[in-house]
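1. Got a sequence here, can you build the structure:
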Amino acid sequence: MDPESPGSPEPTVDEDGRVILTGISSRAFEHPADRAALTALRAVPGFDQIVKLATGMLRERQYRLAYLASAVRVDERQFADLHRLLGDVVVVLDAPRRPELFVYNDPTPNAITLGVDRPFITMSSGLYEQMNDDERRFILGHELGHALSGHALYQSLLMHLLNLAGSFGWVPAGGLGLRALIAALREWQRKAELSADRAGLLATQDVDVSLRVHMKTAAGAHLDQIDSEAFLAQAAEYEAAGDLRDGVLKLLNTEKTTHPFAVVRAAEVQRWVATGEYARILAGDYPLRTDDRSAGFSDSAREAARSYKKRIDESTDPLVTAVRGLGSTVGSAADSIFDWFNRRTRGPDESSIGETGTEPPNGEIPPDDAPPAPDRPAGPQTDSIFDWFERRDRGGNPDPPAEPPPA
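-> Below is the predicted model of the structure:
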């Protein structure tokens, strides 16, 4: 859409003056790294069919029934204010389907989007009480952004497979390769939260509301005790403060988190607004859902690379500064992780794999003309995850008995 072209219509607005983003694709607000990963998944032939098989493992119906029985479903008669706000958000983000919304009793402020075929949103009573109407609008936009981007599916699927991986003995749980992969997946999850924050901003179209939500996330409902400029200054200090040791400590602090820290999220929203991308979207310049199928992975990957390069070049983090020239090394490390998992999936001969599964025991790399390793012998060790679930669901022992020792 090009608002500058002759004859372009004026943007459609709702009764409160918010621009209705007709036909907007989630690519418009997805963080570049998040967008590249999602585009790659969407481009895989047959991925939709794989997802349909996986939804049975994710127990979507079970989760919804649990909330239906233990929480309050929002409608015109129950939490009517949330019902109205969700309707406004669905209109502004032009969502194809209105998700169900539940409020559950928990003093801890939280909201989450669950489900695959029909995602639904849940909000804790603590979060409802902590926020005002405009801030709840931001939160509902954030959660709807998760649903529109498919995060509920991909995060649930990835975390489920990671939990399964922990129960299989052949995975070197203490290995650096698996730890690096888990860290990479959590980094993607944190980028997904930044994407959802952008969706929340587009739903409210008020930068101050976004900032208030993150201030309350950090310190509770005490806005009279918080200065917005000082709060944002914390983010700048957090990024620049200390030496190389502090850079490493930041990685350790975030290694197992699913969300970026509140001050970091606030600064990321401000940074996105400063790029002008937010204003362009409100002016009508954004990708459309109808073009999602033709969106190229290479374009998204290049955009993600450009975004990261710009952030790295501008970063004042001491660790980032120290490793600014090591991009190729990081890329090689990532490739080796995925190569390790590919070999495990294909089932190579274990005698040719070292303790970490990435090289032969003697540390030597076989020459290019070396004969291929023999196929792994058939047997229980070649069973797939789906075989394991099938045996469990039939009521048998999912783990087959060990083979008897040779005579």
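2. who's in contact with Ala262?
-> Ala262 makes contact with 214-215, 217-218, according to Cβ atoms under 8 Å, 6 or more residues apart in numbering. Heads up, the C-betas are built off the backbone N, CA and C, glycines and all.
3. okay but Glu76 is in contact with His83, surely?
-> Yes. The pair Glu76 / His83 is scored as a contact, 5.8 Å apart, by Cβ atoms under 8 Å.
4. between these two, who's got more neighbours?
-> Between Glu76 and His83, counted using other Cβ atoms under 10 Å, the more crowded position is His83 (16 against 9).
5. For the helix or strand hosting that one, name the packing helices and strands.
-> Using DSSP states H and E, His83 sits within helix 80-92. If contacts are counted by 3 or more Cβ pairs under 8 Å, 6 or more residues apart in numbering; DSSP states H and E, helix 80-92 sits against strand 100-104, helix 133-149, helix 176-204.
6. okay, the angle between whichever helix or strand comes after the last one and helix 133-149?
-> Right, helix 176-204. Of the helices and strands lying after helix 176-204 in sequence (DSSP H and E), the nearest is helix 207-219. Per axes from the mean of the first three to the mean of the last three Cα atoms, to 10 degrees, the angle that helix 207-219 makes with helix 133-149 is 90 degrees.
7. Residues touching helix 207-219, excluding its own?
-> With contacts defined as Cβ under 8 Å, 6+ apart, helix 207-219 is touched by 109, 130-131, 134-135, 137-139, 197, 200-201, 204, 222-223, 225-226, 228, 231-232, 262-263, 265-266, 269-270, 273.
8. Check stretch 130-143 too.
-> 81-82, 85-86, 88-89, 92-93, 101, 109, 111-113, 121, 123, 127-128, 196-197, 199-204, 206, 209-210, 212-213, 216, 220-221.
9. what's the nearest residue to Arg265 if we skip its chain neighbours?
-> Ranked by Cβ to Cβ, 6 or more residues apart in numbering and with sequence neighbours excluded, the top spatial neighbour of Arg265 is His214, at 5.3 Å.
10. What about that neighbour, how many residues nearby?
-> Going by other Cβ under 10 Å, the residues that sit close to His214 add up to 26.
11. Then the one 5 residues further on?
-> The number of residues packed around Ala219, counting by other Cβ under 10 Å, is 13.
12. From Phe138, how far out is it?
-> Remark: distance between Ala219 and Phe138 (Cβ to Cβ, to the nearest Å) = 17 Å.
13. got it, and Phe102?
-> When distance is defined by Cβ to Cβ, Phe102 is 19 Å away from Phe138.
14. Looking at those two now, which is surrounded by more residues?
-> Phe138 (26 against 21).
15. Mind pulling up the pLDDT for the more buried one?
-> Model confidence at Phe138, given as pLDDT, is 98.
16. excluding its backbone neighbours, what's nearest it?
-> With sequence-adjacent residues excluded and distances taken as Cβ to Cβ, 6+ apart, Phe138 is closest to Gly200, at 4.2 Å.
17. Now for the one you found: which residues touch it?
-> 138-142, 145, 210, 213.
18. Make JSON lines out of these and add distance to Asp285.
-> Listed next are those as JSON lines, based on distance: Cβ to Cβ, whole Å:
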{"residue": "Phe138", "distance to Asp285": "23"}
{"residue": "Ile139", "distance to Asp285": "26"}
{"residue": "Leu140", "distance to Asp285": "25"}
{"residue": "Gly141", "distance to Asp285": "20"}
{"residue": "His142", "distance to Asp285": "22"}
{"residue": "Gly145", "distance to Asp285": "19"}
{"residue": "Ser210", "distance to Asp285": "21"}
{"residue": "Val213", "distance to Asp285": "26"}
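19. Pick out whichever of those residues sits closest to Glu60.
-> Distance to Glu60 across the contacts of Gly200 (Cβ to Cβ) is lowest for Gly145, with 19.4 Å.
20. out of everything not next to it in sequence, what's closest to that closest one?
-> Of all residues not flanking Gly145 in the chain, Ala199 sits nearest, at 2.5 Å (Cβ to Cβ, 6+ apart).
21. what's the neighbour count on the one you found?
-> Using other Cβ under 10 Å, Ala199 is surrounded by 27 other residues.
22. rewinding a little: could you pick out the buried ones from the contacts of stretch 130-143?
-> By neighbour count, with 16 or more other Cβ atoms under 10 Å, those hold 82, 85-86, 88-89, 92-93, 101, 109, 111, 113, 121, 123, 127-128, 196-197, 199-204, 209-210, 212-213, 216 as buried.
23. Gln189 is in contact with Arg256, correct?
-> One thing to correct before we go on: residue 256 is Lys, not Arg. No. With contact defined as Cβ under 8 Å, Lys256 does not reach Gln189; the gap is 10.9 Å.
24. who has more neighbours, the two?
-> Comparing Lys256 with Gln189 by other Cβ under 10 Å, the one with more neighbours is Gln189, at 19 against 9.
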